[in-house]
Structures are given as C-alpha cells and as structure tokens.
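In: Can you look at this prediction? I've put the sequence above it.
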Amino acid sequence: MRSSTFAQEVTQWYAVAARELPWRDGATTPWGVLVSEAMLQQTPVARVLPVWETWMARWPTAAMLAAQAPGEAVRAWGRLGYPRRALRLHRSAVAIVERHDGEVPASIEDLRALPGVGDYTAAAVAAFAFGVRVPVLDTNVRRVHARVFDGEPDATNGAPTVRERAAALDRLPLVDAPKVSIAVMELGALVCTSRAPRCEACPVAPRCGWLAAGRPAPTGARRSQTYAGTDRQARGRLLAVLRDSPDPVDRHALDVVWADDPQRARALDGLVADGLVEPLADGRYRLPA
DNA sequence: TAACCGTGGGC
DNA sequence: TGCCCAAGGTT
C-alpha cells in the first residue's frame, strides 16, 4: 500500500522541477492563457515565449486585438507556424467581444465554440484560467497516463476515447485538479518524453507499468512528414514575403521565392481561400485588412 | 478518418 | 545528415 497517490507525487515533483512560464504566473488573465494555448498548439515553448510576451504587451485584452486588422495578428504571429491559428485567434477575439462582452468565457461549451479552440484548448483554458476540474488531455498527459497506468509506449492514435477521458477524470483530485493537470503535462514535457524518456528522474517510476514492462517500443507506423517541396513549404515562403513587407507586394516578389509555377499558384490560391492573403484590384497582394 | 496545415531544434 | 516531433484543430 502506497502512502501517496500518483497525483500527489507528480505535484510534489512539479513544485521543485517546473519551468517558470509567464502564462502560469498567477497574474495572467484568461485571455493570456488562451493566447498561450493557441500558440502552443504543435509549437515548442521556447519559440512561443518571446512572441507571447510581445503579443500580450501589444494586445493585453481580447478587445484590443479584435480592433486590429486580422493581418496584424498574422504578422505578429511571426514564424510560429500554422498561421491559420493567428487568424482563428483574431476571430476568437472578435467573438469574445461580440458574444461575451470582451471576457473570455469560463464554460467548456462556450470556449469550444470559439474558432481554433478544440477539446484540448477548451479544457486547458477552463482548468488553468478558471480552475475547472476537467481532464486536460494533451499529448503529454495522454502519453504519461498510457505509460504509467496501461504499460503502453504511448497513447493511441486519434482522439481520446470516452473511457480514456473517464479514467483521466478519476485520477484528478476533487480539489486543485488543474494543478495536477499542469504537473502531469510538465512531467510529459520534461521527463516522460516521447523520445529518450528520463525514467531515472521520474517521480512515479516505481508505479509505472511501461517501465516495469521493460519500456517496450511503439509498434505502429509513425506518420510520414516530408516537408521539402510541399505545398505547405510553398505557402510558408509566400506568406513570409507578405509578413516581412509593410506594404502590399506585387506578383514578382512572390514569383521569386517559389520556382514551380503551378504549385506557387495553388499555394497562393489556398492562402487567399484561407483568408491569410488578400488580392488587391491592382494585382498586388497583402495580409488581410 | 485521414489528410492537411509551418517551423525549427535536437539527436 | 536526415528524421522525429512539439500544450491541436479543421474538414
């Protein structure tokens, strides 16, 4: 019989091992938490940090961002990647002003209705900004649970199942649940990593099913992620030209950054369709006004 | 459901 | 060096 629980052990570890991140500072507003979660989607903390600081200094409230052109959000997003997130965050700011009086909503349902806010982000904002007891199932938390409790190398592919969600909820204490979620997330980010986990530094190693099983390797095929020469890379190149120019640019400025004509045209059309680029009547292009 | 959507750092 | 992957969301 153990004298402490999984949640307690991870929380105690967190107290001494956690990184100091500005959006975890108790003074951060719900808006600041939402901005951090949007930026952290598929993007490492180290790259988010400076952009988040700049962003929050410029737009400390949703209303201030909503008053700007969406292109300004795309420009400030810089090289974080997946720039549609910047557009969606701007649209969320507009929705927050229009539907919620400028205040980030606290309910999962209202959060989930914001553009760019899925199950994870809604749960994260509800938990970290408002203290709601809800499972926060990001890739880190799912991996930790899969290893410790199921003895598996990683969580299953695809969205969390109902039973996975229920199990995660069961493992949350009745008080201070968000603290446990952030601690487990941090454990997954710093110790129980996807590659080269540091089990010797893990506070729950003695109870870990995966470690007990001899750390079996994942079996399934991983996703391929070739990037060079893809439409994605082309889109990135084109958008970078617009981001870096204070004024609209002509076709030639875009032509020179991507040689393949049909692919460049396809990428540009896609950017326009996504609302990331605006064609002007004079044949030039700019970020959306 | 699986494909698509950026970018850069670590091993 | 190339591959892996990092607090996902949308269609």
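Out: Received the coordinates, thanks.

In: Residue in the stretch 1-150 of chain A with the shortest distance to DNA strand C?
Out: Closest contact between the stretch 1-150 of chain A and DNA strand C, by C-beta to the nearest atom of the strand, is at residue A:118 (2.6 Å). Every residue, glycine included, has its C-beta placed from N, CA and C.

In: now the helices: where do they sit in the stretch 151-289 of chain A?
Out: A:162-170, A:177-190, A:209-212, A:231-243, A:251-255, A:261-274 (DSSP state H, counting those that start in this stretch).

In: is the third one anywhere near DNA strand C?
Out: So that's helix A:209-212. No. Figure legend: helix A:209-212 not in contact with DNA strand C (C-beta under 7 Å from any atom of the strand); closest approach 14.5 Å.

In: Can you get me a residue count around whichever residue of the stretch 151-289 of chain A sits closest to DNA strand C?
Out: Residue nearest to DNA strand C within the stretch 151-289 of chain A (C-beta to the nearest atom of the strand): residue A:194, separated by 3.1 Å. Using other C-beta atoms under 10 Å, the number of residues around residue A:194 comes to 12.

In: Quick check, it in contact with residue A:143.
Out: Yes. The pair residue A:194 / residue A:143 is scored as a contact, 6.6 Å apart, by C-beta atoms under 8 Å.

In: near DNA strand B, which residues of the stretch 101-250 of chain A?
Out: Counting by C-beta under 7 Å from any atom of the strand, the residues of the stretch 101-250 of chain A that sit close to DNA strand B are A:157-159, A:195-196, A:225, A:227, A:230-233, A:235-237, A:239-240.

In: Which members of these are the farthest-apart pair?
Out: A:196 and A:239 (33.6 Å; C-beta to C-beta).

In: Which other helices and strands does the helix or strand residue A:32 falls within contact?
Out: Using DSSP states H and E, residue A:32 sits within helix A:30-40. Here helix A:30-40 touches helix A:45-58, helix A:84-100, helix A:119-130, going by 3 or more C-beta pairs under 8 Å, 6 or more residues apart in numbering; DSSP states H and E.

In: same thing but 6 Å
Out: Judged by 3 or more C-beta pairs under 6 Å, 6 or more residues apart in numbering; DSSP states H and E, the packing partners of helix A:30-40 are helix A:45-58, helix A:119-130.

In: any idea which helix or strand comes after the first one?
Out: Later in the chain than helix A:45-58, the nearest helix or strand by DSSP H and E is helix A:62-66.

In: May I have whatever helix or strand comes next after that following helix as CSV, with CA atoms only?
Out: Counting by DSSP H and E, the next helix or strand C-terminal to helix A:62-66 is helix A:70-77. C-alpha atoms of helix A:70-77 as CSV (Å, rounded to 0.1, in the frame of the first residue of the first chain):
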residue,chain,number,x,y,z
PRO,A,70,-6.5,40.3,-38.9
GLY,A,71,-3.4,40.8,-40.9
GLU,A,72,-1.7,42.4,-37.9
ALA,A,73,-2.3,39.2,-36.0
VAL,A,74,-0.8,37.2,-38.8
ARG,A,75,2.2,39.5,-38.9
ALA,A,76,2.7,39.4,-35.1
TRP,A,77,2.5,35.6,-35.2
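
In: could you check whether helix A:70-77 is close to DNA strand B?
Out: No. On the criterion C-beta under 7 Å from any atom of the strand, helix A:70-77 is out of touch with DNA strand B, staying 8.9 Å away.

In: One more: stretch A:17-37?
Out: No. Stretch A:17-37 does not reach DNA strand B (C-beta under 7 Å from any atom of the strand); its nearest approach is 13.8 Å.

In: Phi first, then psi, for the closest residue in space to residue A:148 that isn't next to it in sequence.
Out: Closest residue in space to residue A:148, ignoring its immediate chain neighbours: residue A:208 at 4.8 Å, by C-beta to C-beta, 6 or more residues apart in numbering. Here is the backbone geometry of residue A:208 (degrees, to the nearest 10): phi -90, psi 120.
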